[in-house]
Every structure is written in C-alpha cells, then in structure tokens.
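In: Sequence first, then the predicted structure, then my questions.
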Amino acid sequence: MTILDKIIDKKKEELTAYKAGYSTDHINPLSFNIKKSTKMNVIAEIKRASPSKGIINPDMDPVKQAKLYEENGASAISVLTDESFFQGSFDDLKAVAEAVNIPVLCKDFMIDKKQIDRAASAGASIILLIVAALTDQQLKELNDHAKKLNLSVLTEVHNEEELKRAFSAGAEILGVNNRNLKTFEVDLKVSEELGRIIQAKGLPFVSESGIFTAEDARFAAKTGASAVLVGESLMKSKDIGTLLRSLQVPLTGDFDAR
Ligand SMILES: O=P(O)(O)OC[C@@H](O)[C@@H](O)c1c[nH]c2ccccc12
C-alpha cells in the first residue's frame, strides 16, 4: 500500500463525519491568472509537516506567514488542509483567506464534492485535483463541480498517462508535481518532460515541489512553467522575503501562449 492509498483511505473515513451541506451561496472567489506575466509566479505554501519530510515548521503562524508571502509578491497562497498527514486545517485556510487579497489554494486530497464545498466556504479560490488519486469519472465530476462554483482548478499530474487523463477531463491549469507521491522521489526534469507536451496544447502549468533556489526557478522557467509551487524552502527559510523575491525570475517567450 502506497502512502497515497493510505491518505485516500483516511479521507474516506473522515468524509463520513462531514455534516450536511457547506453553504456555497455567497462565495466570491478571486480570479487566479498565471497567464500574463513577465516574471515567474510563485504559489507560496503553508505546510507544517508532510509524510515525506516529517515536521517542517510546527510553530508558524499561518496568518503571519501568509501576509509575508503576499507582501513579497506571491501570486497565490497554498494552504494544506489535511490534518492527519500534514497537520493542516480548514481553520488555517479560513484565517489565511480572510487575511490576504490574493487567491488561496486549498491543498488537500479531494475525492468528494463535499470537500470542494467546504474549501469554497472557507474562502478558497483554487482547488487541487490529484489525477493519481482519482478515477476518470471522479476527476470529471469534481472538475465540473468546482467550475460551477467559479473555482479555479489546478490539476496535478506526475507522468504522461496522468497528463492524458487530465486533458480528457478538461483540465485548464496543470500542476506538474516533480515529486512522485508514491516514492517521494523529486526530480525537476519531470517538469521538462511534461512541460513540452502541455505547452504544445497551449496550456499554462505550475512546476510543483523541490524548488529551493533562484536557480531551480530559472530551470522551471526554461521548462515553460509560468508558476512554481514552493513549500518546504519557504517554510524553513530564515529570510522568507528575500527567498520569495529571488524566485520571481524573468519569464521569456510567448506569454499569451502560456
Ligand atoms: O515542499 P515542496 O517540495 O516545495 O513542495 C510544495 C508542494 O508542491 C507540495 O506540498 C505538494 C504538491 N502536490 C501535493 C499534493 C498533496 C500534498 C502536498 C503536495
């Protein structure tokens, strides 16, 4: 059993405790646009712990961290909401979404529409759908549901087969996870390989995981990524502002095609 299987099993269990509906009547998501930019968009993540790295930064204050991210040019903020494996929460998401004026991504393992409603009602503008964790039917259903709520969807893939499934489900913004969620191995070349195929379709993508330095961001820029999703290095940094600004490297090329 892989860690991803374990996380999904736990999600199923947690879902049985979800109450009736989360109200999505008055949600008004901020628009998430990584298309037109001359510099690398950084989606800065709030993550206390992870199965691959263990404890990363248990004492951080999510609101303080989020404001620092916003002040230093983050394009969006990703908040881990999974409790069992990442020590996150929907309270974190809500507090962050109330404190900043940039889009917030609910980073969780979505397998049911109810989770998307909960993310929306907590103030998320973007949700993540992990292709490796979903059937084709789930992927399509959850994608359509998020669109109905005006949420942006970041569709995460790690290999070519998953990418094809993402295209079939109507994905518009791809996230290429450089980390294999089954083995935890990280390799930025995954973005290079899949980036080629995604760009040929004229779609934008986010290079996710394993970005620590400006040099890594420049590598991501070369692969065609218009954004990087950065967690650990920002969570552990002693000078978050300087690191975050240094990751916003110039993007060259045909921006409209991204
Ligand atoms: O901490 P890193 O290596 O900078 O990675 C951030 C982000 O990509 C990672 O947290 C992530 C990407 N996809 C996920 C899916 C679930 C949980 C976490 C993730």
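Out: All right, it came through fine. Please read all numbers here as calculations on a predicted model, not as lab measurements. Numbers count the residues shown, from 1 in each chain.
In: Report pLDDT for Arg258.
Out: In this prediction, Arg258 carries a pLDDT score of 38.
In: Going forward, count from 617.
Out: With 617 as the first residue, the last one maps to Arg874.
In: What is the neighbour count of the residue of the stretch 717-866 of the chain found nearest the ligand?
Out: Among the residues of the stretch 717-866 of the chain, Gly847 lies closest to the ligand, at 2.8 Å counting by Cβ to the nearest ligand atom. In short, each C-beta sits where N, CA and C put it, glycine included. The number of residues packed near Gly847 is 24, by other Cβ atoms under 10 Å.
In: so where do the strands sit in the stretch 767-874 of the chain?
Out: Secondary structure of the stretch 767-874 of the chain by DSSP state E, counting those that start in this stretch: the strands cover 768-773, 789-793, 821-824, 843-846.
In: Ala690: which of these is closest?
Out: Proximity to Ala690 (Cβ to Cβ) singles out strand 843-846 among the strands of the stretch 767-874 of the chain, at 9.0 Å.
In: Name every strand pairing with that closest one and say which way it goes.
Out: strand 657-662 (parallel), strand 821-824 (parallel) (DSSP bridges).
In: ok, and which of these has the densest surroundings?
Out: Highest mean neighbour count of those: strand 821-824, a mean of 29 (counted as mean count of other Cβ atoms under 10 Å).
In: Give me every residue in the stretch 717-866 of the chain lying close to the ligand.
Out: By the criterion of Cβ under 6 Å from any ligand atom, the positions of the stretch 717-866 of the chain lying close to the ligand are 723, 746, 772, 793, 824-827, 845-849.
In: residue contacts, the one residue in the stretch 617-766 of the chain that gets nearest to the ligand?
Out: Taking Cβ to the nearest ligand atom, the ligand has its nearest neighbour within the stretch 617-766 of the chain at Glu661, 5.1 Å off. Counting by Cβ atoms under 8 Å, 6 or more residues apart in numbering, Glu661 touches Ile693, Ser694, Val695, Leu696, Lys723, Leu845, Val846, Gly847, Leu850, Met851.
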